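*Asks:* Have a look; sequence and predicted model below, questions after that.
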Amino acid sequence: GAVVSQHPSWVICKSGTSVKIECRSLDFQATTMFWYRQFPKQSLMLMATSNEGSKATYEQGVEKDKFLINHASLTLSTLTVTSAHPEDSSFYICSAPRTGDEKLFFGSGTQLSVL
Amino acid sequence: QKEVEQNSGPLSVPEGAIASLNCTYSDRGSQSFFWYRQYSGKSPELIMFIYSNGDKEDGRFTAQLNKASQYVSLLIRDSQPSDSATYLCAVIAGGGNKLTFGTGTQLKVEL
């Protein structure tokens, strides 16, 4: 099946630092990638849609200046959490629809803990 | 009203029984429906997808879709302890590829 690779799997950082998360589609090209956030015992909440070669589309209530998204190629999207604070601690998951059938495949997720 | 609703559970079933998971959605224009399984601390894994009314079977899993009533269900036959997880229902509204997730139902299969 299609593979979406996400790194790092977990990261612990100090408050105020920035953290970059990478999401790669390994065996298909993804013009669109989605970034989700999941707090404990809650469902996935879509943060933004990453579009190759253009600006990301952010969901209501998500600060675009805080969560920087770059989709520079057809296989790579990055999410940078800038000036992270403890309330940003969460499980971040990327996903990409496979070209052709549009089934959505998920990366393995990144557990972010901000101290 | 939430766009995609699921009972959070936990739903407990004995090993070997049929587990029935239900999901309702509010957007009548929704076209694509998915069931994902998520183990604690892991990302979701696609189990089933269904686009048309009726039943779709894949191994021990059967997805059922009723667009008139706006519900989709997942049946798991011969439930195994390894099926214990949270099952997320997800829906794509007409014309897009943006998934909206329900809150998930926690399933516990007991020995």
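*Replies:* Received, thanks.

*Asks:* Alpha carbons only: can I get the helix or strand hosting A:I69 in CSV?
*Replies:* A:I69 belongs to strand A:67-73 when assigned by DSSP states H and E. Taking C-alpha atoms only, strand A:67-73 is exported to CSV below (Å, rounded to 0.1, in the frame of the first residue of the first chain):
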residue,chain,number,x,y,z
PHE,A,67,1.9,26.9,12.1
LEU,A,68,4.0,27.5,9.0
ILE,A,69,3.4,25.0,6.2
ASN,A,70,5.6,24.6,3.2
HIS,A,71,4.8,22.2,0.3
ALA,A,72,7.8,22.7,-1.9
SER,A,73,7.7,19.5,-3.9
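
*Asks:* could you say what helices and strands that strand packs with?
*Replies:* Applying 3 or more Cβ pairs under 8 Å, 6 or more residues apart in numbering or on different chains; DSSP states H and E, one finds that strand A:67-73 contacts strand A:32-38, strand A:45-51, strand A:76-81. For the C-beta atoms, the positions are set from N, CA and C on the backbone; glycine is no exception.

*Asks:* is chain B contacted by the second one?
*Replies:* Okay, so that is strand A:45-51. Yes: interface with chain B: strand A:45-51 contributes A:M45, A:L46, A:T49 (Cβ under 8 Å from any Cβ of the partner chain).

*Asks:* Surely the second one is in contact with B:N97?
*Replies:* Right, A:L46. No: if you go by Cβ atoms under 8 Å, A:L46 and B:N97 don't touch, sitting 11.4 Å apart.

*Asks:* Out of the helices and strands in chain A, which is least certain?
*Replies:* Here the helix or strand of chain A ranked lowest by mean pLDDT, DSSP states H and E is strand A:104-106, holding a mean of 87.

*Asks:* Quick one: residues in contact with that one.
*Replies:* Strand A:104-106 is contacted from outside by A:1-4, A:25, A:34, A:93-98, B:34, B:36, B:43-46, B:90, B:97, B:99, using Cβ atoms under 8 Å, 6 or more residues apart in numbering or on different chains.

*Asks:* who does the helix-or-strand element of chain B with minimal mean pLDDT touch, helix- and strand-wise?
*Replies:* Here the helix or strand of chain B ranked lowest by mean pLDDT, DSSP H and E is strand B:99-101, holding a mean of 88. Packed against strand B:99-101 by the contact rule (3+ Cβ pairs under 8 Å, 6+ apart) you find strand A:45-51, strand B:85-92.

*Asks:* quick one on the thing from earlier: name every strand pairing with the least confident helix or strand of chain A and say which way it goes.
*Replies:* Counting by DSSP bridges, the strands paired with strand A:104-106 are strand A:90-97 (antiparallel).
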